[in-house]
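Peer 1: got a sequence here, can you build the structure:
(2 chains)
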Number of protein chains: 2
Amino acid sequence: MNLLSYLQNFKNTSQQLSKVYSVRQSMLTTKIRKESPKDELSINARLLERGNFISKLMAGVYSYLPLGKRVLAKIENIIRDEMNHLNAQEVLLPALQPRENWDQTGRWNEIDVLFKLKGIGNRDFALGPTHEEIITPLCGQLIHSYKDLPLSFYQIQTKFRNETRAKSGLLRGREFRMKDLYSFHATSEDLDGYYDNVLQSYFKIFKRCGLEEVTYLTLASGGTFSKYSHEFQTITESGEDIIYLCKKCNLGINKEIISEQREMCPKCHNQKLSQEKAIEVGNIFKLMSRFSNAFKMSYHDATGKENNIFMGCYGIGSSRLIGAIVETFHDRYGIIWPYQVSPFHIHLISLCQKSEEWAQVESIFEKLQNASLEILYDDRIDVSAGIRFGESDLIGIPLKLIVSPKTLAQNSIELKHRKTGETQVVRINDLLNFIESCYGIG
Amino acid sequence: MNLLSYLQNFKNTSQQLSKVYSVRQSMLTTKIRKESPKDELSINARLLERGNFISKLMAGVYSYLPLGKRVLAKIENIIRDEMNHLNAQEVLLPALQPRENWDQTGRWNEIDVLFKLKGIGNRDFALGPTHEEIITPLCGQLIHSYKDLPLSFYQIQTKFRNETRAKSGLLRGREFRMKDLYSFHATSEDLDGYYDNVLQSYFKIFKRCGLEEVTYLTLASGGTFSKYSHEFQTITESGEDIIYLCKKCNLGINKEIISEQREMCPKCHNQKLSQEKAIEVGNIFKLMSRFSNAFKMSYHDATGKENNIFMGCYGIGSSRLIGAIVETFHDRYGIIWPYQVSPFHIHLISLCQKSEEWAQVESIFEKLQNASLEILYDDRIDVSAGIRFGESDLIGIPLKLIVSPKTLAQNSIELKHRKTGETQVVRINDLLNFIESCYGIG
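Peer 2: Here you go, the predicted model:
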């Protein structure tokens, strides 16, 4: 065997296979619901259900249909990318968790939203609402010496909370998607440094999700260990939290701690704070040795002495982010996705009738696909143009390419911006040349 | 706004972000367990736990550590890719399922492995072991007319079965990963055609997972609707099923139906069948109208007449596949991953000591990374070469690149094949030139 040529095998076998793909709308069941679901009050649930992004199974539990699954995948890949940049490693942890682990931290009876069930042999389980009770003893098996630290693992998966009042669509669910990162450190100083890195990483994530201008780092109660913890709060009318904003520091202060501060920014002492409704999209927390001690976890330093391990945990609700984005970006016609998390890049809409016109649209579609652009191609011939434009606005893909017999006769195509409604007619050759210069065409 | 230049925004925002990345072993906690876990009997569990791919939480419930998560992602991306080629759309369905849905099909009391729990208001839920009870009414909302058919959705997610005896590592779990595809058709003939397409797709998937030579299409009991259903069975000593193999037809026959056949191939009537132990890695099944009728689902044809809808379901156990692969590909030293599903492409092992030597290894590492190869880079200096080679064999990456001061002095590097042990010394320039010609270097 020639081992050098063996290297060829690895082509197209990388972990995150980049199979960019487009979809013909005639193949995708996107039959839009004309009316908002009657049992949904929040904007995100109404628009996402009408547009067939999600479907409600029961309060707080939704199925993700193809459009919704694509948005979720984009958001979770942005988060995954930033976690990898932090040198954190991805893991997948069980949802079924033995009661013994929860007894060990005293939280079996403490967390009132814990789903409890019985398995084989009448044994008690919890359905994981969070994973400190699993990751801590797991890392206890891996960490023995100072050489094994620091260590950080993250998971992006489904979690469960038995909320009494699940409401507001994807903002508060009983079954929801979440990223949690857990880090383990030899000293509290090392934890402090990593915590600051994660904080910067979170700013990048919310920026990449298009939420930069409405998401604020917010001081909240620090619990037992520190004066403050940090939340990331997105300003939205349907938010359940009240925060006070200091525009000078670009800082939020959660209402739960503001009374102590007499409505004053704890950083610059500015007293002109604005009160806003907001939804918590992320939080980061120094757990110190609360959990590592509960599981009798320790490490040996260079001298052989046994020491406490310091932990941090860092959450982002990825399904909640979908809800927050829709609450932020919509108009009376529907959703307006930020281009980074849109289910498709381009909505290609054909109004053609003759077969030679269709052949040209198919050729454009093929060239866009070859450039690895993600296209939703509305190739339906039995639905009126009016309905299709209405559906396009509801689905909210940021850029439309509209091909009509009229523009096609001039070898042109119309570009339309979903957000502003601006249109621009360009020659098809100019469009394809621009895309080739930008993306290459395979 | 220039809408043409707006198109630039979409760069690097595609759904499946291709962030290929490599890992330094000093950052990855891969401390190998010297001994097999005492409570595990199966080869896959012993090797996967010793190599820190997985960690057992309780019988049938495992955490996936970074190496295991990478293998799982590769397998699931192969499956995803083939599902997309079938024009199926990905969805994500709830694990929490209301009892009412299971009552409607009569399966609440019928399926003995159903995890049952109570939620808010003492309401009964099942933890989804399969999703017919969810996808059927969901598609009932989407399908009204013949124009909405055919429709096919797939999901890749965690499922739950309260197995009395969970055993054999990843081969039979209480919490496990699975792909299920569900298809809906206007006629049984249309279902037949799609079923055949899925069958071909399954052959491709098992081939891409390296299991082609040990996985057989197998006839099994067809239940109520047809004479046979089809399973895909992987031959392995630890399998729980018994199948009979017809080498002429390359066909398996499940023992459950062989008695009727008097140990004869139902296709070619060959009576020389070999008996094998096997594990079921996939199954495909024509459900006909069993579930669509239970949920009162129907469609209107072109004449306005109401008709039955025909369903198919098609499963693959993605976590079970990891177990089947390890049972198939290992030797006394450890796992031998097929290159398509290996957690990394290349295990780069540095035996260098001087800093100028290390600089050269770092440069090689960087160039391999730039070529988008996935490298596990063993950069540890405090672990002996013997231990590191032993760990490398256990982890089982198919190709090793070994850099020692001796080969480096000759501007060369050693390639070693995990499976055969073959080695080849090549000049570093030749290696890098070959990789550039094959992958390009960024």
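Peer 1: give me the contact list for stretch A:403-417.
Peer 2: Residues from elsewhere that reach stretch A:403-417, judged by Cβ atoms under 8 Å, 6 or more residues apart in numbering or on different chains: A:348-354, A:357, A:360-361, A:364, A:398-402, A:422-429, A:431, B:1, B:3-4, B:6. Where C-beta positions appear, they are placed from N, C-alpha and C, glycine not excepted.
Peer 1: do the same with stretch A:244-257
Peer 2: A:216-221, A:228, A:231, A:233, A:235, A:241-243, A:258, A:261, A:263, A:265-268, A:270, A:272-276, A:278.
Peer 1: can you pull out the helices in the stretch 201-350 of chain A?
Peer 2: A:255-261, A:290-294, A:318-328 (DSSP state H, counting those that start in this stretch).
Peer 1: now swap in the stretch 1-150 of chain A and tell me
Peer 2: Going by DSSP H, counting those that start in this stretch, the stretch 1-150 of chain A shows helices at A:3-6, A:43-50, A:66-85, A:99-104, A:132-142.
Peer 1: quick one on the thing from earlier: which among the contacts of stretch A:403-417 end up buried?
Peer 2: A:348-352, A:357, A:360-361, A:364, A:398-402, A:426, A:428, A:431, B:3-4, B:6 (16 or more other Cβ atoms under 10 Å in any protein chain shown).
Peer 1: residue A:341 contacts residue A:209, doesn't it?
Peer 2: Yes: in this structure residue A:341 lies within contact range of residue A:209 using Cβ atoms under 8 Å: 5.7 Å.
Peer 1: now for the two: what residues contact both?
Peer 2: Residues touching both residue A:341 and residue A:209 by Cβ under 8 Å, 6+ apart: A:75, A:78, A:325.
Peer 1: just those that are near chain B?
Peer 2: Residues of these in contact with chain B (Cβ under 8 Å from any Cβ of the partner chain): residue A:78.
Peer 1: confidence-wise, which of the shared contacts of residue A:341 and residue A:209 comes last?
Peer 2: In terms of pLDDT, the lowest of the shared contacts of residue A:341 and residue A:209 is residue A:78, showing 92.
Peer 1: and the gap between the residue most central in space within chain A and residue A:45?
Peer 2: Centrality entry for chain A: nearest residue to the mean C-alpha point is residue A:318, 3.2 Å, by Cα atoms, centre = their mean. Going from residue A:318 to residue A:45 by Cβ to Cβ, to the nearest Å gives 17 Å.
Peer 1: in terms of secondary structure, what does the longest strand seen in chain A contact?
Peer 2: Counting residues, the longest strand found in chain A (DSSP state E) is strand A:274-288. In terms of contacts (3 or more Cβ pairs under 8 Å, 6 or more residues apart in numbering or on different chains; DSSP states H and E), strand A:274-288 is packed against helix A:188-208, strand A:215-221, strand A:228-235, strand A:241-246, strand A:310-316, helix A:318-328.
Peer 1: need those in CSV with distance to residue B:415, can you?
Peer 2: CSV is the format used below for the helices and strands packed on strand A:274-288 (distance: least, Cβ to Cβ, whole Å):
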stretch, distance to residue B:415
helix A:188-208, 37
strand A:215-221, 49
strand A:228-235, 47
strand A:241-246, 57
strand A:310-316, 40
helix A:318-328, 41
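Peer 1: let me know which of these is tucked in deepest.
Peer 2: Neighbour counts (mean count of other Cβ atoms under 10 Å in any protein chain shown) averaged over each of those peak at helix A:318-328, with a mean of 27.
Peer 1: remind me what it packs against, helices and strands.
Peer 2: Helices and strands touching helix A:318-328, by 3+ Cβ pairs under 8 Å, 6+ apart, are helix A:43-50, helix A:66-85, strand A:175-185, strand A:228-235, strand A:274-288.
Peer 1: the second one vs strand A:310-316, what angle?
Peer 2: Angular relation of helix A:66-85 and strand A:310-316 on a 0 to 180 degree scale: 150 degrees, by axes from the mean of the first three to the mean of the last three Cα atoms, to 10 degrees.
Peer 1: please apply the same query to the third one.
Peer 2: Here strand A:175-185 points in a direction 150 degrees away from that of strand A:310-316 (the same axes, to 10 degrees).
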